[in-house]
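Visitor: need a structure here:
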Amino acid sequence: MNNLKLEPTNKTPLIDCNAEVGKLELEGRSIPENSADFFQPVYEWIENYIEKPCQKTIFEVKLEYFNTSSSKCILTMLKKLERLHSSGKSSVEIHWFFEEDDEDMQEAGQDFDVIISIPFKMVPIEEFQRN
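Guide: Here you go, the predicted structure:
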């Protein structure tokens, strides 16, 4: 299975989906013009990955900001990973990174944690490394 890597822009996050190690990363800002179109390759990658996953899958979310339409897309990804987790083929964990003083991003992670039945690890950090 191929990996998927999309480089970040001012409006879109880094996306790094690695099938060999079972790791998906979302990092940066997510305010694309059309979130559904932007995240479509990720949905397809997850669907393919579900067929032959690693024993353990980690989804790291390191977003400093995302808009409402991106939030819906993140939820879609989480629901796909929840399906994988409940299948028993892979233990899935979500690692939600947020800056210690960013209550909005912390609450967003907590909201997703309530909705999704996958182990959620909230990871406070001092600040994101910006390029």
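Visitor: can you get me a residue count around residue 10?
Guide: If you count neighbours by other CB atoms under 10 Å, residue 10 ends up with 7. All C-beta spots, glycine's among them, are computed from the backbone N, C-alpha and C.
Visitor: assumed it was part of a strand.
Guide: No. Read with DSSP: H, G, I helix; E, B strand; the rest coil, residue 10 is coil and lies in no strand.
Visitor: list the contacts for it?
Guide: Neighbour list for residue 10: residue 29 [criterion: CB atoms under 8 Å, 6 or more residues apart in numbering].
Visitor: relative to residue 66, how far out is it?
Guide: According to CB to CB, to the nearest Å, residue 10 and residue 66 sit 14 Å apart.
Visitor: with residue 117 instead?
Guide: From residue 117 across to residue 66, the span is 22 Å (CB to CB).
Visitor: do the same with residue 124
Guide: Counting by CB to CB, the gap from residue 124 to residue 66 is 18 Å.
Visitor: overlap in contacts, residue 10 and residue 66.
Guide: The contact lists of residue 10 and residue 66 share residue 29, where a contact means CB under 8 Å, 6+ apart.
Visitor: wait, a helix at residue 33?
Guide: No. Applying three-state DSSP, one finds residue 33 to be coil, outside a helix.
Visitor: now the element after the lengthiest strand in the chain, going C-ward?
Guide: Ordering each strand of the chain by length in residues (DSSP state E) puts strand 56-66 first. Counting by DSSP states H and E, the next helix or strand C-terminal to strand 56-66 is helix 68-87.
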